[in-house]
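[1] my questions concern the predicted model and sequence given below.
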Amino acid sequence: MKNKKLMIVVVVLLMVVGVGGYFGYNHFFGTRKVIVDSTEQGLKIAEYANPDAFITPLQLLDLMENDKGVVVIGALNPARGDSPISGSFTMWRGDYSAAEGVYNYGGMANTVEEMEAILSRYGVKQDTTIVVYASNDHHDAARLWWQIKLLGHKDVRYLDGGLNAWIGAGYATGSANPTVEATNYKAPNPKTTALATFDDVVAALADSNTIILDTRATNEEKGETTLAGAAGPGKIPGATWINWTQSVREDTTLKSRAELDAIYGSLKGKNVITYCQSGVRSAHTLLVLTQVLGIDNVKNYDGSWIEWSYMHYTQNNPKAVVENGNR
């Protein structure tokens, strides 16, 4: 009898561990399903300064079923095991970042030629509609959007709610990276108007009409945490701090134009340089400022804190001053 009771206890414990493991796996690795009202979502986007930069899952489904001139690209971390949108291509940061050794630090964008080669493999042409998406935290889709826009590609759209809203709508996932006929894609109009360099940020420190916007988490901004890749803690002196997460709702979709204006409206009429750890979260804020609110003079600092901290802590560059640092 005692052995039987012991076996029952063991089985129950294994079931509890198994269930806990399942939910733990889905919390850390799975895609959270969110239900979004497509009509309300469409009306929200219609009020944006440039609604054509965004797309709902329902609109994307219609494009994929009826328009052969669309290429969908997911910025998905393979370690998470996300099941991608069926018919889409998938890539991750290493695919669209600078090759190892080009810089003494990581996180920088790759070259125009490298982006052209990637898009050629996906069958992209200059008049192709490109839709980018991500999972859970959608800032990686915004980073990819920004890099493709730097090529001068006209029609690039960010999927509001990303893979989470797509799954919530019950649309197909799992069959990705189709075989297509490659093209010889050439960037229509490469430009750097939305790109900030180290020197741009140095100049901005002395320019009262330029706002440097820190989009990182609280503990990063306060210098309490140094993420991998950075040379030390801190922030760029005098930077305004607005965590990028302020722009999204609990269901991961973007907030309304009115809500976003209440958060970022004070930046209107200013030049803005956004930054984070490696230019990913800050690319999301740039997307919001320019495409939702219509603020024109916004640049994303590609090197962001990784480069700035490298210049300060490793190179002892006197121009790379630091606030909330350790020296």
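    Arrived safely. Because the structure is a prediction, the values reported are computed rather than measured. Residues are numbered from 1 along each chain as shown.
[2] show me where pLDDT drops low in this protein?
    In the prediction, the chain carries residues with pLDDT under 70 at positions 1-29.
[3] again, 90 this time
    Judged by pLDDT under 90, the chain has its weakly predicted residues at 1-30, 67-69, 327.
[4] got the CA positions of stretch 196-208 in CSV?
    Once non-C-alpha atoms are left out, stretch 196-208 reads as follows in CSV (Å, rounded to 0.1, in the frame of the first residue of the first chain):
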residue,chain,number,x,y,z
ALA,A,196,22.8,58.8,-36.9
THR,A,197,26.6,58.2,-36.4
PHE,A,198,28.8,58.7,-33.4
ASP,A,199,29.8,62.1,-34.7
ASP,A,200,26.1,63.1,-35.1
VAL,A,201,25.5,62.3,-31.4
VAL,A,202,28.6,64.2,-30.3
ALA,A,203,27.4,67.2,-32.3
ALA,A,204,23.9,66.8,-30.8
LEU,A,205,25.3,67.2,-27.2
ALA,A,206,25.9,70.9,-28.0
ASP,A,207,22.7,71.4,-30.0
SER,A,208,19.7,72.7,-28.0
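[5] quick one: it to chain centroid distance?
    Taking CA atoms, centre = their mean, to the nearest Å, one finds stretch 196-208 lying 23 Å from the centre of the chain it belongs to.
[6] what comes up buried for it?
    By 16 or more other CB atoms under 10 Å, the buried positions in stretch 196-208 come out as 196, 198, 200-202, 204. C-beta: built from backbone N, CA, C; applies to glycine.
[7] would you map the helices across this protein?
    Here the chain has its helices, by DSSP state H, at 2-28, 38-46, 57-66, 112-121, 139-149, 162-168, 198-204, 218-221, 257-264, 281-287, 304-309.
[8] adding distance to residue 210, write these out as a markdown table.
    As requested, the helices of the chain are exported to a markdown table (distance: least, CB to CB, whole Å):
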| stretch | distance to residue 210 |
| --- | --- |
| helix 2-28 | 39 |
| helix 38-46 | 29 |
| helix 57-66 | 36 |
| helix 112-121 | 26 |
| helix 139-149 | 19 |
| helix 162-168 | 31 |
| helix 198-204 | 4 |
| helix 218-221 | 19 |
| helix 257-264 | 15 |
| helix 281-287 | 14 |
| helix 304-309 | 16 |
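[9] for residue 74, which of those helices is the nearest?
    Counting by CB to CB, residue 74 lies closest to helix 162-168 out of those; the figure is 6.8 Å.
[10] quick one: contacts of the closest one?
    Contacts to helix 162-168, defined as CB atoms under 8 Å, 6 or more residues apart in numbering, come from residues 31-36, 41, 56-57, 60, 74, 76, 82-85, 133-136, 138, 141, 159, 161, 173, 251-253.
[11] my guess is residue 295 contacts residue 272, does it?
    Yes. With contact defined as CB atoms under 8 Å, residue 295 counts as touching residue 272 (6.6 Å).
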